[in-house]
Structures are given as structure tokens and as C-alpha cells.
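[1] My questions concern the predicted model and sequence given below.
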Amino acid sequence: MTVRDTLSMAFMNLWRRKLRAFLTVLGMVVGTASIVVMVSLGIGINVTYQESLSEAGSLTKITVNPQNWDKYYEQMESNSSGGMAMPAYRGGNSGPETVDINDKTIETFMGIEGVTAVTPVLSSYSAYFKSGKFFSNCQLFGIDPKYAEVFGIELSEGEIFSSTGSGSIVEMVVGSQFAPSFMNPETYASAIDRNGNPRINPMTSRIRLTFDGANVYPWWGGETNAKPGKMYTVKVTGVIAEGTDWELNYSAFTDVNTLRKLMRTNKNFIYRESSSTYDYAWVMAKDVDSVTKIADEIKEMGYGTSSLGDILKQVQDSSASLRALLGAIGGVALLVAAIGIMNTMMMAIYERTKEIGVVKVLGCRMGDILLLFLAESAYIGFFGGVIGVGVSYGLGALLNHQFLADMGLRSVIPPWLSLGALAFSIVVAMLSGLYPSIKAMRLSPLAAIRTE
């Protein structure tokens, strides 16, 4: 028989026993829908975690630190069990060894496969901003301006700062909460008007920067005859669009070389061991899958790394058992459906024993008989899979709108899950019908014809 004849005859055989075929297909519908919905809940957990972490920052951004704390803790556990002394870093203090991050290091990071951008980072918590009688103390970062947008610094107004300094004028962009953070240094009342609007406009107000707290706080202690720190004119070139990244909302950013010069000039107020090194570096990976590989390569150099991608991986690993449990629950329903298919096909063989014998006597090959019964099983798996996937989309939508919304969960059915479930249902159905098909193929023609 041709393939077309086999498929046509298999369909007609099922059609002759419509009720039995319908009930068997219904079992596959329940099994397929169950496993798809259960797996979709596990996928939804991962998607929810990923979106939550994405709101906190980029999943492909890696922060490189000069100290590898992970390796230190491993050494500490190993040494404590053997009674050995703890490792120490430069300076003799307890802690991991410090590895410099300098310009050569930045070039090395940029050469790692999968890295799309790298910027050195300097930071200072001792940056005080003053506008009239109001002041603000926020973290000031120094980065490479050409990579500002790559690392999530998107502006709601203005433009990015220049990479060239201009004497006592410091160009920078500020976060959306920079203006509301200004307050009265005596009363600590926020610098807002009666309508709740900030009195300071970063783009138009006269703002100055200093690293000497005595220039801002009237109660600042220290030597009364000490030379006060220099005041710099701030030129805010842009305001960062408000987002969920706390660091971007409440910080200010300027050129890394500009901040390095400021730190050298104000070394009496900002302590640094070396003026040629950076506090840390930001590395951008091309995709989430590259983060772990890049981070491992950087750790091999002695540096520490941290990223939201690491947190996501930990969450996914911890929820793997839950996803497996959900899939197993759905698999039970599919197993029951598979048993139903096997029962249906066995009943079909007993009912069509004489028919099988006649077909064999007429010269039909045993392989054709095997394919005929497998085709019937495949039809059951196909129709059950198609309808089951459709039902799973409806159940997923119902769960999302009625039950899971308040729990912070949801059902997510990606295309690969739908296609995979359909293919899986066909394979399960054919495997369930394999034994009955082999039994039909091996029936003796004479014994089958004599069967009444």
C-alpha cells in the first residue's frame, strides 16, 4: 500500500468506531493539556523572575570587582577545616587579595569573546552638591561616556556629557531623583515648593560641586584653619529617564577621566590607594547566555564578578525541582491517556482479527499492517495533541486572569512548548500502539480467518 492508502484506511477505521475514537482522543486531550499547562507554570515562574530582575537592571551587565570574595570564602572554608591561617590581601588585613583594575585590564576585558562594551568606573560618596542654600549628597560615578547608553543611561532630556574637561566646570548627567534629593542643611527639609515640585531644576539652576563637607554642612567638624575644599561649577547636560534601577535614579555620572582629576586635586577629602586604578569595571555581554562564561573567565584572572544574570541562574536552579514536579504531574495524565490508546488498539485487533487474516491472505505485507495500526495511533495522538494544545491556551488564559494574577504568577506557553507537546503526543501515541501493531502483524492468517 502507498502512504496515502495507509493514512486513508487508518482514518476510515477510526471513523467506523467514532465514539471509541473520540473517547481515546479525549484522553490524549486531557493528558496533553495537563502537561502543557503544568510546564507553562514552571516557565512562567522563570519569566516572572527574569522580568523582575530586568527591572532592577540589565541581565547582561557584569560588575567586575578587584577582589574575588567567592574564591576567598572557598579558601576560608578549606583552611578552617584544616586549621590553617586565613588568606590575607595586600595591606595585611583579612580578606581576598586585591587585583588592580587599570587601563590594561580594561583592554583585556574588551578582548574576551562575547563582550560588547567595557567601561572603567570610579565612584565617590563624598560628592556634595549645593544650589543656593540647599544641598544634596549623592554618589558620583565616572564612566566612559561613549558607553553610557549601552549601560542603561538613557536620557529624558538633554545630552550625554563630554569626555573633555573644561577647568572648573564639571559636565555630568544626573538621575531623575537628583533634584528631589536637595534639602536644607539646617532643617533637612526637602527643597520642594507648596505644590510638591522640586525647587531645583538640574538643567537651569546654578549648582556647585565640592568634596569638602564643610562647604555644605554648618556643623562640619575638623581643623578650623584647614584650607577649604574647592568648589566646582556643575553643568548638567542631561537628566536620566526615570526607571526601576535605583543606582541610576539617585546618582550622577561624569567622565571617568574628569573624576580622576577631581580625585587627585581633592586627595585630602577622598582617600585612594592609587590614582592609576579604578574602583571596578562594567562589562556588557552580548546576551544572557554569555554572562556565565565571561564571568568565569574574568574570575580566572583573580577578579570578582557580580551580575543579575548570576541571581537569575540561581533562581532557575532552585526552581528546577519545582518545574520537574509540575511536568511529572502533567505526565501522569498523559500516561493514563497512553494506556487508553493501547487498550483501544488491542480491542481493535480482537474485533478485526478476521479482517487482518483476510488482508494477509490477499498478499498484504506484514509491514503494511504494522504501519496501518501505527497510523491509527498517530491520528489519535495528532488530534489529541492539536486539541489539547488549544485547550491549554484557554486554560492558561483563564488561570492568568482569574487565579494567578493575585499570586504574582502566570502561565507562559512559548511556541516551542506547543510544537513540542504536539510532537510528544504523537510519539507517545505511536509507542502506545506499537505493541498492538506488532501483535496484529504477527497474527497467523489461517488462525485469523477461522476466528468467528
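    In hand now; what should we look at? Numbering: from 1, shown residues only.
[2] Now do the helix or strand encompassing residue 391: which elements does it pack against?
    Using DSSP states H and E, residue 391 maps to helix 366-398. On a contact count with 3 or more CB pairs under 8 Å, 6 or more residues apart in numbering; DSSP states H and E, helix 366-398 meets helix 3-16, helix 18-56, helix 320-351, helix 353-361, helix 415-432, helix 434-441. All C-beta spots, glycine's among them, are computed from the backbone N, C-alpha and C.
[3] Turn those into JSON lines, columns for mean neighbour count and distance to residue 109.
    What follows is the helices and strands packed on helix 366-398, written out as JSON lines (neighbours: other CB atoms under 10 Å; distance: least, CB to CB, whole Å):
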{"stretch": "helix 3-16", "mean neighbour count": "14", "distance to residue 109": "58"}
{"stretch": "helix 18-56", "mean neighbour count": "20", "distance to residue 109": "23"}
{"stretch": "helix 320-351", "mean neighbour count": "17", "distance to residue 109": "31"}
{"stretch": "helix 353-361", "mean neighbour count": "17", "distance to residue 109": "71"}
{"stretch": "helix 415-432", "mean neighbour count": "19", "distance to residue 109": "34"}
{"stretch": "helix 434-441", "mean neighbour count": "18", "distance to residue 109": "55"}
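[4] Among those, which comes closest to residue 249?
    Nearest of those to residue 249, taken as CB to CB: helix 18-56 at 11.4 Å.
[5] quick one, that closest one and helix 366-398 angle?
    Calculated by axes from the mean of the first three to the mean of the last three CA atoms, to 10 degrees, helix 18-56 forms an angle of 50 degrees with helix 366-398.
[6] Low-confidence bits of the stretch 251-400 of the chain, can you list those?
    Scanning the stretch 251-400 of the chain for pLDDT under 70 picks out the ranges 273-275, 309-319, 349-364.
[7] Spell out the residue ranges of the helices in the stretch 151-300 of the chain.
    Per DSSP state H, counting those that start in this stretch, the stretch 151-300 of the chain has helices spanning 246-249, 256-265, 288-300. These are given in chain order.
[8] What is the neighbour count of residue 144?
    19 (other CB atoms under 10 Å).
[9] and what of residue 307?
    Quick note: residue 307 (other CB under 10 Å) scores 25 neighbours.
[10] Leaving out chain neighbours, which residue sits closest to it?
    Spatial nearest neighbour of residue 307, excluding adjacent residues (CB to CB, 6 or more residues apart in numbering): residue 62 at 4.5 Å.
[11] Dig out what that neighbour forms beta bridges with.
    residue 283, residue 307 (DSSP bridges).
[12] picking up where we left off before, which positions in the helix holding residue 391 come out as buried?
    Neighbour-count burial for helix 366-398, counted by 16 or more other CB atoms under 10 Å, picks out 368-389, 391-393, 395-396.
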